[in-house]
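1. Provide a 3D model corresponding to the input given below.
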Amino acid sequence: MQYALTIYAAPRELTPEEGQAMSAEYFKVTEEMRGAGAFLAGEGLQPVSTATTVRVPNGERIVTDGPFAETREVLGGYYVVDVADLDTALDWAARSPAARHGSVEVRPVIDFDESAVG
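-> Numbers count the residues shown, from 1 in each chain. Alright, predicted model coming up:
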């Protein structure tokens, strides 16, 4: 089953050394996911200051700078994993550095081929 592991944390300034250490941790867990055959996709995202949000209430397109919601933690990246069950997805999420500094939301991915009607 496929799960999306979305990574949320409060934006913060890192020293170059802290940034390198954090990147090394993400690289390590990503390589472990690849080695286990669980990794399907994953990317980090540019800072929230680069975000643009689109809404179309009543057919009118409204574009605003910034993230969708006002919150202290913002989406910083994601993984998509293919694992046997939720417990295994939770194990991978717990290994992410974001689990210590923010949160990792785990959600099943819809398989539209299997859920298609008729």
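2. contacts, neighbours, all on C-alpha from now
-> Noted.
3. for this protein, which helix is longest?
-> The longest helix of the chain (DSSP state H) is helix 16-35.
4. what comes into contact with that one?
-> Residues from elsewhere that reach helix 16-35, judged by C-alpha atoms under 8 Å, 6 or more residues apart in numbering: 39, 81, 92, 95-97.
5. just checking, which of these belong to strands?
-> The strands, defined by DSSP state E, take in 39, 81 from those.
6. with the contacts of helix 16-35 in mind, which one is nearest to E114?
-> Nearest to E114 among the contacts of helix 16-35 is V81, at 17.8 Å by C-alpha to C-alpha.
7. Tell me the bridge partners for the closest one.
-> Y3, F39 (DSSP bridges).
8. before we move on, back to that, so which of the contacts of helix 16-35 wins on neighbours?
-> Within these, neighbour counts (other C-alpha atoms under 10 Å) peak at V81, which reaches 25 neighbours.
9. surely it meets T88?
-> No - if you go by C-alpha atoms under 8 Å, V81 and T88 don't touch, sitting 9.7 Å apart.
10. so what's W92 up against?
-> So W92 contacts M33 (C-alpha under 8 Å, 6+ apart).
11. what about it, distance to G76?
-> Per C-alpha to C-alpha, to the nearest Å, W92 is found 17 Å from G76.
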